[in-house]
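# predicted model follows, preceded by the sequence.
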Amino acid sequence: MLSAQEALQRLQAGNRRFVEGVRSLDSLISQMQRVDLVEGQKPFAVILGCSDSRVPVETIFDEGMGSLFVIRVAGNIVAPSQIGSVEFATERYQVRLVVVLGHTRCGAIQATLEELQRPTENQSRNLRSIVNRIRPSVAGLLETELKRDLENLSRLAGRANVRVSADHLRHGSEVLENLIQNDNLLIVGAEYALETGVVDFFDGLPM
């Protein structure tokens, strides 16, 4: 079992390889080891990320099969099913690092900002459930001068949503709270830049 710090360092090293266009041998041969994974898995990190097709989690961290427990949902929101998935992975597989991973130019963030500025009469209740999860983290930004700077508004809204989602995991589950207090579980927030490929871990890092 990797510690949270070791897992974080492994993710950071993998992302550096991805940005540099270099792949590790382990990630290249992981498909050849598919049969070895039939009996079980040993992921070293949980990634709660966005469903965006431009953010393939294993690829941007240069990892192969069996190493990451990935939960993907539009807007990297935290709802009961996502919390349950994180609880499952941290308890069953003793994973000690959870990353909430947002990204730049997120469509779910943009859709939420548009909905707050120009409400839709007949929006699907299912889509509305995603917007409503993102709304509290970004609504306050529209009351500032950022409403006149749409690019910065979108950027800061995405980061605010990551922070709120990570905080929800830290304080919205007795299971995770207990693991944080007693078993060194670390929950951090990060953002993937579509423009550069770099993942910036900016929330919840140890001092």
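Perfect, thanks for sending it.
# remind me what the helix or strand hosting residue 89 packs against, helices and strands.
With elements taken from DSSP states H and E, the one containing residue 89 is helix 80-92. Using 3 or more C-beta pairs under 8 Å, 6 or more residues apart in numbering; DSSP states H and E, the elements in contact with helix 80-92 are strand 45-49, strand 68-72, helix 150-171, helix 174-182. The way it works is simple: take the backbone N, C-alpha and C, and place the C-beta from them, glycine included.
# the next helix-or-strand element following the last one vs strand 45-49, what angle?
Stepping forward along the backbone from helix 174-182, the first helix or strand reached (DSSP H and E) is strand 186-192. Angular relation of strand 186-192 and strand 45-49 on a 0 to 180 degree scale: 50 degrees, by axes from the mean of the first three to the mean of the last three C-alpha atoms, to 10 degrees.
# what is the mean pLDDT for strand 186-192?
The average of the pLDDT scores along strand 186-192 is 98.
# which of the residues in that strand are buried?
186-192 (16 or more other C-beta atoms under 10 Å).
# for this protein, which spans come out with low pLDDT?
Filtered on pLDDT under 70, the chain yields the residue ranges 28-32.
# what residues sit buried inside the helix holding residue 89?
82-83, 85-87, 89-90.
# tell me which other helices or strands the helix or strand just after that helix touches.
Remark: after helix 80-92, the chain's next helix or strand is strand 97-103, criterion DSSP H and E. Where contact means 3+ C-beta pairs under 8 Å, 6+ apart, strand 97-103 is packed against helix 4-20, strand 45-49, helix 150-171, strand 186-192, strand 199-203.
# tilt between the longest one and strand 199-203?
Interaxial angle, helix 150-171 versus strand 199-203 (the same axes, to 10 degrees): 60 degrees.
# thinking again about what came up before, which one of the buried residues of strand 186-192 sits closest to residue 144?
The shortest approach to residue 144 among the buried residues of strand 186-192 belongs to residue 191, at 20.0 Å (C-beta to C-beta).
# of the helices and strands packed on helix 80-92, flag the one that's most buried.
Mean neighbours per residue, mean count of other C-beta atoms under 10 Å, is largest over the helices and strands packed on helix 80-92 for strand 45-49, with a mean of 25.
# after that strand, which helix or strand is next?
helix 57-60.
# list of residues touching that next one?
15, 18, 27, 47, 49, 64-65, 67-68, 70, 72, 101, 192, 197, 199 (C-beta atoms under 8 Å, 6 or more residues apart in numbering).
# bridging residues for residue 48?
Per DSSP bridges, the residues bridged to residue 48 are residue 71, residue 100.
# so it makes contact with residue 102?
No: applying C-beta atoms under 8 Å as the test, residue 48 and residue 102 come out as separate, 9.7 Å apart.
# what touches both of these two?
Counting by C-beta under 8 Å, 6+ apart, the residues touching both residue 48 and residue 102 are 76, 165.
# what's the closest of the helices and strands packed on helix 80-92 to residue 38?
strand 68-72 (16.9 Å).
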